[in-house]
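In: attaching a predicted model along with its sequence, questions to come.
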Amino acid sequence: MFGIETIQEVVAVFKLYFSSTRQKRDGNGEFCYRSLDKTSRSFATVIQQLPPDLQDPVCIFYIVLRALDTIEDDPTLKAEAKIPLLKKFHETIEKPGTVLTGYNTSKHGELMDNFDRVIEVYGNLKDKYRKVIKNITNKMGNGMCVYLEKEVVTLKDYDEYCYYVAGTVGEGLTDMFSLSYYPDNKIKNELSVSMGLFLQKTNITRDFEEDIREDRTFWPRAIWEKHAKELIDLTKPENRKEAVKCLNMMILNAMEHIPDCMEYMERLAPVGGKPEQVGVWKFCAVPQVMAIATLAECFDNPKVFEVGAVKIRKGTTARLFVETTNMTELKKIFAHYVKIIKSRITSDNVLNYVQNLEKCSNILKSIELKEQFSTGTSLVKVLSYSATIAFSSFCVYLKRDYINEQIKKLLKK
Ligand code: MG
């Protein structure tokens, strides 16, 4: 029913609807948030969890990197033209008035055309945040250049590419958190990279069909060559069984980052219920639970190879958003989905069946589950119970005189 199936989901949708408050912004600030909304609805929602003074730096960080990615993905530019643009982008963001022309056909055309407005807001951020954005933009731009003409072959290449385009984001956000509400530096370590890698690998796995249609390939040869001669063969319906097996191996590879993500989230957990830390924690937790739910949805699912991305239901999204409130809930949700994936593994749909089952068991151990995530009370069930009760009450009402008679008789006896 409209992507909503259980009572818990109905409650979550209402809670989410009534709890989302957006701060008012004018002029260029408003443009930046509108761009964020257009490029990623879910990110635009989750950013509202952050303490107010972190929202602008994180919003600008995101759309600056979105613009960089638009250059990386531009199908009309050759590598030699892209390289100087990518390498110098960290300087471009400091040149007031710069607009990025020639992207009219891109879905981010409006952002590129009005990039001077982003630069303006960037210029007004605190120095410490500007430094982080500039540093990460530099790292990412240079890293993208490495893979413009290089194929992702080994698992090491795959991790390296994902590091450049997402692990660096984990580092940058962690820097911003350390500069604001986590001064003791306990979150500043390589675990933040795993947070980015887990999200990026989930997207790369889910978006296979769209990416290959737009001539982008990120699945590492080391994984797909065991299932196809050429990567494009995975799109052919006659190869669906091998394609799904390959997909499952991609999912199991992404899951290797879960123990690190749990550890990072544990370190990020709010001390003494500090509201700013609660907000930062939730901002990081929601995308993580969405990712594991997405992987569970994609596992063994041939629809990943068809047009139209596989998505988690609206009701599930709302519930995950509302119910991810603390470490216990986060672990429950992760354990729930890892178990689903584990239960779907067969000797026929993955390579190295025994090792992969063991891998899932070890991930589950790392989550240290105590309670179970409830899948919810089915809305259809509740409605049918309610209908039964209503019908019975109506019958009782119609027969009330007869029933009264019978009761009186009984009492007299
Ligand atoms: Mg890209």
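Out: Nice, thanks for sending it over. Numbers count the residues shown, from 1 in each chain.
In: show me where the stretch 51-200 of the chain has its helices.
Out: 52-73, 79-87, 89-92, 109-113, 115-123, 127-146, 155-162, 168-180, 191-206 (DSSP state H, counting those that start in this stretch).
In: from these, which stretch is densest packed?
Out: Most buried of those by mean neighbour count (mean count of other C-beta atoms under 10 Å) is helix 191-206; its value is a mean of 24. Yep, even glycine has a C-beta here, placed from its N, CA and C like the rest.
In: what does residue 6 show for phi and psi?
Out: Here is the backbone geometry of residue 6 (degrees, to the nearest 10): phi -130, psi 160.
In: and the residue nearest the centre of the protein?
Out: residue 287 (3.9 Å; C-alpha atoms, centre = their mean).
In: find me the pLDDT at that residue, would you?
Out: Here, the pLDDT recorded for residue 287 equals 97.
In: which neighbouring elements make contact with the helix or strand hosting it?
Out: Per DSSP states H and E: residue 287 is located in helix 275-298. In this structure, helix 275-298 packs against helix 41-46, helix 168-180, helix 191-206, helix 240-255, helix 258-268, helix 314-323, helix 327-344, with contacts taken as 3 or more C-beta pairs under 8 Å, 6 or more residues apart in numbering; DSSP states H and E.
In: hey, least reliable of the ones you listed by pLDDT?
Out: Across these, the lowest-scoring stretch is helix 41-46, with a mean of 90.
In: list the buried residues in it.
Out: Neighbour counts over helix 41-46 (16 or more other C-beta atoms under 10 Å) mark 43-46 as buried.
In: so what's the residue nearest to residue 154 when sequence neighbours are not counted up against?
Out: Distances taken as C-beta to C-beta, 6 or more residues apart in numbering place residue 222 nearest to residue 154, at 5.2 Å, with adjacent residues excluded. By C-beta atoms under 8 Å, 6 or more residues apart in numbering, the residues touching residue 222 are 153-155, 158.
In: distance from the helix or strand residue 222 falls within to the middle of the chain?
Out: Taking DSSP H and E as the definition, one finds residue 222 inside helix 221-224. Mean-position distance between helix 221-224 and its chain equals 24 Å (C-alpha atoms, centre = their mean, to the nearest Å).
In: what mean pLDDT does it get?
Out: 98.
In: same check, this time on stretch 82-90
Out: For stretch 82-90, mean pLDDT rounds to 97.
In: right, is stretch 140-151 up against the ion?
Out: No - applying C-beta under 5 Å from the ion, one finds stretch 140-151 separated from the ion by no less than 7.3 Å.
In: neighbours of the residue in the stretch 251-400 of the chain that the ion sits nearest to, how many?
Out: Closest contact between the stretch 251-400 of the chain and the ion, by C-beta to the ion, is at residue 309 (15.9 Å). Look at residue 309: counted by other C-beta atoms under 10 Å, it has 15 neighbours.
In: who's in contact with it?
Out: 206-207, 209-210.
In: which of the residues you listed are buried?
Out: 206-207, 209.
In: of all the residues you listed, which comes closest to the ion?
Out: For those, the nearest to the ion is residue 207 (10.5 Å; C-beta to the ion).
In: chain neighbours aside, what residue packs nearest to the closest one?
Out: Closest to residue 207 by C-beta to C-beta, 6+ apart is residue 309, at 6.4 Å.
In: can you lay out the helices of the stretch 51-200 of the chain as a markdown table showing distance to residue 238?
Out: Below are the helices of the stretch 51-200 of the chain laid out as a markdown table (distance: least, C-beta to C-beta, whole Å):
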| stretch | distance to residue 238 |
| --- | --- |
| helix 52-73 | 30 |
| helix 79-87 | 34 |
| helix 89-92 | 43 |
| helix 109-113 | 38 |
| helix 115-123 | 45 |
| helix 127-146 | 35 |
| helix 155-162 | 27 |
| helix 168-180 | 38 |
| helix 191-206 | 22 |
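In: closest to residue 99 out of those helices?
Out: Across the helices of the stretch 51-200 of the chain, residue 99 has its closest neighbour in helix 115-123 (5.2 Å, C-beta to C-beta).
In: what's the local residue count around residue 243?
Out: Using other C-beta under 10 Å, residue 243 is surrounded by 22 other residues.
In: so how far is residue 159 from it?
Out: Using C-beta to C-beta, to the nearest Å, residue 243 is found at 23 Å from residue 159.
In: cool, residue 281 as well?
Out: Taking C-beta to C-beta, one finds residue 281 at 26 Å from residue 159.
In: same check on residue 171?
Out: Per C-beta to C-beta, residue 171 is found 14 Å from residue 159.
In: just how off-centre is the helix holding residue 287 within its chain?
Out: 7 Å.
In: residue 346 - nearest residue in space that isn't next to it in sequence?
Out: Spatial nearest neighbour of residue 346, chain neighbours left out: residue 353 (7.3 Å); criterion: C-beta to C-beta, 6+ apart.
In: ditto for residue 122
Out: Residue 122 sits nearest to residue 60 (C-beta to C-beta, 6+ apart), 5.1 Å away.
In: ok, that neighbour touching residue 119?
Out: No - here residue 60 does not reach residue 119: they are 9.4 Å apart, not a contact under C-beta atoms under 8 Å.
In: quick check: which element contains residue 217?
Out: Using DSSP H and E, residue 217 maps to neither a helix nor a strand.
In: and it, how many neighbours does it have?
Out: Neighbours of residue 217 (other C-beta under 10 Å): 16.
In: and what of residue 405?
Out: Neighbours around residue 405, by other C-beta under 10 Å: 11.
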